[in-house]
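Enquirer: Here is my input; please provide its structure:
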Amino acid sequence: MNAKHRTSIIARITLFTGVVAALLSTLLAVVLMVAIHNYATDAVYTELRGASGRVAQKVEQYKTVALAPAQHDPQNVQIIDQSGLVVASTAALRGKPPMADFALGAMGSKKAVVCDGVFGAGRCHIVMAQTAHRPGGDWTVYASMPVVPMYVKPWLAVLVIGSTTLLAVAITCLGYRIATASLRPVSAIRRELDEINATCPGRRVPVPPSKDEIHDLAESVNHTLTRLQGAMEQQRQFASDASHDLRSPIAAMRVEVEDALMSSPEPTMTRVGNTVLCSLDRLEAIVSDLLFIARLDAGTPCGNDPIDLAELASQECRARRQTTKRFVCSLQRGVLILGDRVRLSRLLTNLLDNADRHAETTIMIKVSRADAKHNADSVAVLEVIDDGPGIDPDKRDLVFQRFARLDSARAKDAGGTGLGLSIARQIAESCGGTLRIEDSDRGARFVLRLPCYENAHLAHTAPDL
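Expert: Below is the predicted model:
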């Protein structure tokens with residue numbers, strides 16, 4: 001997946017807004033500086049035209065011209081006679097040749113930019129030439145000022161650049177706030193969808209008050225959830241009704257087969273009857289599991305009874321003394337949890353049945369208390385380990401799916417329903433825990449984790465929760 005797909009929509013909108021704001025702000029700054037530069041240059045032309053015109057008028061009237069500008073005045077003035085000699089000049093150009101030499105237009109004046117020369121290397125001035133009419137010939141009055149730089153004044157450039165930068169930042173922040181506010185309902189919808197599962201199909205996503213596309217999306221999602229809830233309820237009701245209705249015919253078939261076995265001692269009838277009874281046992285187990293799953297899917301809450309996990313495991317071990325497998329129990333006493341004893345017994349029974357079917361000789365049961373990784377609360381851990389062929393890592397989630405049985409399980413065990421491990425995981429999740437298959441030196445290792453009941457010393461004296 002490329003970087004574009006990993007970037008959030010808010011980040012992309014903010015980046016786009018920032019780039020556009022930066023480009024527009026830069027363009028605005030350039031336009032402003034060019035406009036101010038042109039205005040300042042026109043002002044210089046106007047000032048030079050007025051200064052040269054006043055001096056030319058005095059020259060035409062044979063008046064004495066005092067070329068002594070005020071201090072810090074950037075103007076330079078020269079008076080050139082008809083022979084091209086400098087008659088008078090300001091102090092900065094005293095003793096220097098004429099600042100320019102270009103023909104005057106029909107209007108008797110001309111402006112141009114002159115670089116180097118009397119102004120010094122690398123320096124440019126705007127020169128305004130004005131004709132002064134004298135009887136002996138026309139004189140020329142030159143007036144000049146330094147060329148206006150593009151930034152006009154340093155403080156002005158800083159002001160314009162700073163203002164446009166602040167404008168770009170403000171527009172980017174505004175774009176970020178608008179994008180965040182616009183997509184906040186989407187985040188709320190996503191969070192709600194993440195929490196909706198089979199145990200709470202009645203929940204709906206929040207619908208924003210604004211009449212926009214997100215409002216329509218939320219309503220469409222809620223309509224879809226309503227249809228899904230109806231389909232799920234129909235499926236659960238069908239499974240529950242079918243399970244209930246199948247139990248009576250199965251019981252009747254069992255009675256008929258048992259009566260036939262008792263009344264007919266023939267070997268063929270006995271063999272066929274025993275085979276049918278085995279099939280009926282498995283069919284009855286499947287129906288019972290389907291009915292149990294229907295109750296779990298209906299969202300029946302898990303109980304809140306304090307249970308000693310080690311005691312529960314010990315009871316299940318004692319109930320299996322007649323099996324041919326060896327049970328090794330390592331039980332830490334006092335590991336209390338809150339849950340439903342019937343459900344947790346069913347969970348442990350399913351895990352032990354699975355281990356009993358696949359173990360070679362030994363089944364190990366461990367109960368311990370462990371600290372959680374991300375908080376200070378303790379976790380009760382129950383492990384069921386067998387010494388069978390084990391389960392490949394890529395198939396560890398597959399075995400928890402309903403009616404999913406690995407090829408090895410089908411070849412070795414024909415008595416399982418394919419629902420035991422799925423029911424076990426669903427019970428663990430309904431009690432706020434997890435059930436996973438983890439690495440083991442040999443065989444399969446099922447690990448159940450449940451939150452501990454911390455008030456262990458009050459567990460046997462506290463009232464029912």
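Enquirer: can you pull out the helices in the stretch 301-450 of the chain?
Expert: 309-318, 341-358, 407-412, 420-430 (DSSP state H, counting those that start in this stretch).
Enquirer: So for Ile80, which of those sits nearest?
Expert: Shortest separation from Ile80 across these is recorded for helix 420-430, at 102.2 Å, computed as C-beta to C-beta. C-betas here are computed from N, CA, C, even on glycine.
Enquirer: Remind me what the closest one packs against, helices and strands.
Expert: Helix 420-430 is packed against helix 267-297, helix 341-358, strand 434-438, strand 445-451, with contacts defined by 3 or more C-beta pairs under 8 Å, 6 or more residues apart in numbering; DSSP states H and E.
Enquirer: The longest one vs helix 341-358, what angle?
Expert: Orientation note: helix 267-297 sits at an angle of 130 degrees relative to helix 341-358 (axes from the mean of the first three to the mean of the last three C-alpha atoms, to 10 degrees).
Enquirer: any idea of the mean pLDDT for helix 267-297?
Expert: Helix 267-297 shows a mean pLDDT of 72 in the predicted model.
Enquirer: How far does that helix sit from its chain's centre?
Expert: Between the mean C-alpha point of helix 267-297 and the mean C-alpha point of its chain there is a distance of 50 Å (C-alpha atoms, centre = their mean, to the nearest Å).
Enquirer: If we go by neighbour counts, what in it is buried?
Expert: Neighbour-count burial for helix 267-297 flags 273, 276, 280, 283-284, 286-294, 296-297 (criterion: 16 or more other C-beta atoms under 10 Å).
Enquirer: just to revisit the earlier point, in CSV: the helices of the stretch 301-450 of the chain, plus mean pLDDT and mean neighbour count.
Expert: CSV is the format used below for the helices of the stretch 301-450 of the chain (pLDDT from 0 to 100; neighbours: other C-beta atoms under 10 Å):
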stretch, mean pLDDT, mean neighbour count
helix 309-318, 86, 18
helix 341-358, 87, 20
helix 407-412, 49, 12
helix 420-430, 85, 22
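Enquirer: is it possible to export those helices to JSON lines including distance to Phe327?
Expert: Conversion of the helices of the stretch 301-450 of the chain to JSON lines gives the following (distance: least, C-beta to C-beta, whole Å):
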{"stretch": "helix 309-318", "distance to Phe327": "5"}
{"stretch": "helix 341-358", "distance to Phe327": "8"}
{"stretch": "helix 407-412", "distance to Phe327": "20"}
{"stretch": "helix 420-430", "distance to Phe327": "18"}
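Enquirer: my read is Lys110 is in a strand, agree?
Expert: Yes - inclusion of Lys110 in a strand is indicated when DSSP: H, G, I helix; E, B strand; the rest coil is applied.
Enquirer: ok, back up a step: which among the buried residues of helix 267-297 gets closest to Gln229?
Expert: Distance ranking of the buried residues of helix 267-297 against Gln229, using C-beta to C-beta, places Asp297 first at 11.9 Å.
Enquirer: Can you say which of the helices of the stretch 301-450 of the chain is nearest to Ile385?
Expert: It's helix 341-358; of the helices of the stretch 301-450 of the chain, that one is closest to Ile385 (C-beta to C-beta) at 7.7 Å.
Enquirer: and the angle from the closest one to strand 445-451?
Expert: Compare the direction of helix 341-358 with that of strand 445-451 by the same axes, to 10 degrees and you get 170 degrees.
Enquirer: name the helices or strands packed onto helix 341-358?
Expert: Under the contact rule (3+ C-beta pairs under 8 Å, 6+ apart), helix 341-358 is packed against strand 305-308, helix 309-318, strand 362-371, strand 378-386, helix 407-412, helix 420-430, strand 445-451.
Enquirer: ok, residues contacting it?
Expert: For helix 341-358, the external contacting residues (C-beta atoms under 8 Å, 6 or more residues apart in numbering) are 292, 302-303, 305, 307, 309, 312-313, 315-316, 320, 323, 325, 337, 363, 365, 382, 384-386, 388-389, 409, 412-413, 415-416, 420-421, 423-424, 427-428, 430-431, 435, 443-444, 446, 448.
Enquirer: if we can go back for a sec, looking at the helices of the stretch 301-450 of the chain, which is nearest to Tyr453?
Expert: Distance to Tyr453, taken as C-beta to C-beta, is lowest for helix 309-318 among the helices of the stretch 301-450 of the chain, at 9.7 Å.
Enquirer: Mind giving me the packing neighbours of the closest one?
Expert: Counting by 3+ C-beta pairs under 8 Å, 6+ apart, the packing neighbours recorded for helix 309-318 are strand 326-331, helix 341-358, strand 362-371, strand 378-386.
Enquirer: For the shortest one, C-alpha coordinates in CSV please.
Expert: Only the C-alpha atoms of strand 326-331 are listed here, as CSV (Å, rounded to 0.1, in the frame of the first residue of the first chain):
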residue,chain,number,x,y,z
ARG,A,326,-3.2,-39.3,32.2
PHE,A,327,-4.2,-35.9,33.6
VAL,A,328,-1.4,-33.7,35.2
CYS,A,329,-2.8,-30.7,37.1
SER,A,330,-0.8,-27.7,38.2
LEU,A,331,-3.3,-25.6,40.0
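Enquirer: that older thread, now tabulate the helices and strands packed on helix 420-430 in TSV and tack on distance to Phe403.
Expert: Conversion of those to TSV gives the following (distance: least, C-beta to C-beta, whole Å):
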stretch	distance to Phe403
helix 267-297	9
helix 341-358	14
strand 434-438	18
strand 445-451	19
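Enquirer: of all those, which lies closest to Ala112?
Expert: strand 434-438 (87.3 Å).
Enquirer: just how off-centre is the closest one within its chain?
Expert: Centroid separation for strand 434-438 versus its chain: 28 Å, with C-alpha atoms, centre = their mean.
Enquirer: partner strands of that strand, parallel or antiparallel?
Expert: strand 445-451 (antiparallel) (DSSP bridges).
Enquirer: Thank you, goodbye.
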